[in-house]
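Engineer: with the sequence up front, the predicted model follows.
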Amino acid sequence: MSTHHYNIPIFVPEEGCPHRCIFCNQFGITNTSSPPAPDEVPAIVMQWRSRFRKEGARIELAFFGGSFTGIAPEKQEEYLKQALRLKREGSIHAIRLSTRPDYIDYGCIERLQRYEVSTVELGAQSMDDTVLRAAGRGHTAAQVIQATNLLQAAGISVILQMMTGLPDDTPEKSIRTAHEIISLKPDGTRIYPCLVMKGSPLELQFREGKFKPQTLNEAVVLAATLSEIFEERGVKVLRVGLHPSAADEVIAGPYHPSFSELVSTEKWGRRLMQKINLNSPHKRIAIYCTPKQINSVAGFNGYNRKLLEGYFEQIRFYPDPLLTDSMLYVDYL
């Protein structure tokens with residue numbers, strides 16, 4: 001049985017980052033105008049721990065929201081000393097952080113190892129240099145590769161984040177990015193559609209008619225394809241879509257509070273269409289799937305069920321504990 005996992009997020013918006021990526025408004029995304037002081041970290045951890053209900057869960061302290069390894073080394077160490085102390089006393093079990101690929105070097109690696117950081121999330125966003133330049137990222141695809149290799153050689157797990165629908169991006173470029181990420185053998189990935197956020201440079205481009213975001217359907221279809229590519233190659237997709245807490249900051253673009261459910265619906269819909277004979281003379285079907293996925297198979301708001309109602313008079317979904325992952329069994333009645 002797998003151990004339940006909790007992340008305790010410590011947001012450090014725009015700390016250490018001199019770049020202004022075209023899509024970025026970290027203050028709005030994190031709902032944090034300034035980071036907590038290092039000596040506030042233990043109290044934050046205790047507050048979060050009081051909410052957790054699973055005994056024996058694995059708890060990870062995560063420094064998110066900025067470019068952590070770009071902070072002044074002295075301040076990094078102040079945060080990491082607090083985190084390491086909490087880890088050694090058993091209040092947390094692991095330490096992770098997010099940063100930029102161009103803020104990883106040998107000095108940074110030594111510091112991360114010394115403070116027992118186990119996972120680093122890198123904002124790759126794209127592996128196409130044209131897209132990276134248009135997005136104002138300030139780093140190249142080669143730097144993503146170099147940073148990933150350095151971290152992995154040091155025994156640190158790597159999560160690579162990617163973003164679809166950026167300026168100059170195309171679905172084909174996003175798919176190539178996914179394959180290049182896979183070739184780096186990360187421990188996981190996150191997929192985000194590009195959204196127009198309040199106060200971001202992209203907002204001005206959007207209002208001037210210079211940027212057209214993806215439609216919701218375009219973003220869902222592409223995210224489903226990317227998710228399938230990653231899963232087929234054994235790369236875990238940790239998240240799809242922006243956290244709902246940032247909804248008020250979105251000006252335009254493919255935002256939906258249940259974006260990940262829409263992506264799951266699209267993926268299961270494809271599997272159903274491949275599995276089911278829509279021309280069957282039978283008018284009733286029974287669809288069996290793993291118990292934990294039965295709602296996803298039926299689809300968000302019953303979307304996949306409604307789709308099949310155009311072909312069959314009766315559609316029933318049944319949980320089968322013998323089936324796992326994406327397995328489906330269809331019986332014609």
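Structural biologist: Cool, got the structure. None of the values given here were measured: they were computed from a predicted structure. Residues are numbered from 1 along each chain as shown.
Engineer: okay, domains of the chain per the record?
Structural biologist: Structural domains assigned to the chain are 5-256, 265-332, following automatic domain parsing.
Engineer: send the alpha carbons of stretch 299-316 over as PDB?
Structural biologist: Provided in PDB are the C-alpha atoms of stretch 299-316 (Å, rounded to 0.1, in the frame of the first residue of the first chain):
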ATOM      1  CA  GLY A 299     -16.300  11.700 -17.900                       C
ATOM      2  CA  PHE A 300     -16.500  15.200 -16.400                       C
ATOM      3  CA  ASN A 301     -20.200  15.900 -15.900                       C
ATOM      4  CA  GLY A 302     -20.800  12.500 -17.600                       C
ATOM      5  CA  TYR A 303     -19.400  13.700 -20.900                       C
ATOM      6  CA  ASN A 304     -18.200  10.300 -22.200                       C
ATOM      7  CA  ARG A 305     -21.500   8.700 -21.100                       C
ATOM      8  CA  LYS A 306     -23.400  11.300 -23.100                       C
ATOM      9  CA  LEU A 307     -21.200  10.700 -26.100                       C
ATOM     10  CA  LEU A 308     -22.000   7.000 -26.100                       C
ATOM     11  CA  GLU A 309     -25.700   7.700 -25.700                       C
ATOM     12  CA  GLY A 310     -25.700   8.600 -29.300                       C
ATOM     13  CA  TYR A 311     -24.900   5.000 -30.200                       C
ATOM     14  CA  PHE A 312     -26.400   2.900 -27.400                       C
ATOM     15  CA  GLU A 313     -29.700   2.800 -25.500                       C
ATOM     16  CA  GLN A 314     -28.100   1.800 -22.200                       C
ATOM     17  CA  ILE A 315     -24.500   2.400 -20.900                       C
ATOM     18  CA  ARG A 316     -23.500   1.000 -17.500                       C
END
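Engineer: quick check: buried residues in that stretch?
Structural biologist: Neighbour counts over stretch 299-316 (16 or more other CB atoms under 10 Å) mark 299, 300, 304, 305, 308, 312, 315 as buried. Just so you know, the C-beta spots here come from the backbone N, C-alpha and C atoms, and that holds for glycine as well.
Engineer: re the thing from before, could the domains of the chain go into CSV alongside mean pLDDT?
Structural biologist: Compiled in CSV, the domains of the chain are given as follows (pLDDT from 0 to 100):
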stretch, mean pLDDT
domain 5-256, 91
domain 265-332, 94
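Engineer: and those, which is most packed in?
Structural biologist: With neighbours defined as mean count of other CB atoms under 10 Å, the domains of the chain peak in mean count at domain 5-256, which reaches a mean of 18.
Engineer: wait, doesn't residue 103 sit right on residue 69?
Structural biologist: Yes: under the criterion of CB atoms under 8 Å, residue 103 makes contact with residue 69 at 4.3 Å.
Engineer: sorry, back to before: what's the most distant pair in the buried residues of stretch 299-316?
Structural biologist: With CB to CB as the measure, no two of the buried residues of stretch 299-316 lie farther apart than 300 and 312, at 19.9 Å.
Engineer: quick one: the helices in this protein?
Structural biologist: Taking DSSP state H as the criterion, the chain carries its helices at 26-30, 41-49, 73-88, 106-114, 129-134, 141-153, 171-183, 201-207, 216-232, 259-275, 294-298, 303-308.
Engineer: list the contacts of the second one.
Structural biologist: So the one you mean is helix 41-49. Here helix 41-49 makes contact (CB atoms under 8 Å, 6 or more residues apart in numbering) with 6, 8, 10, 36, 59, 61, 79, 82-83, 85-86, 91-92.
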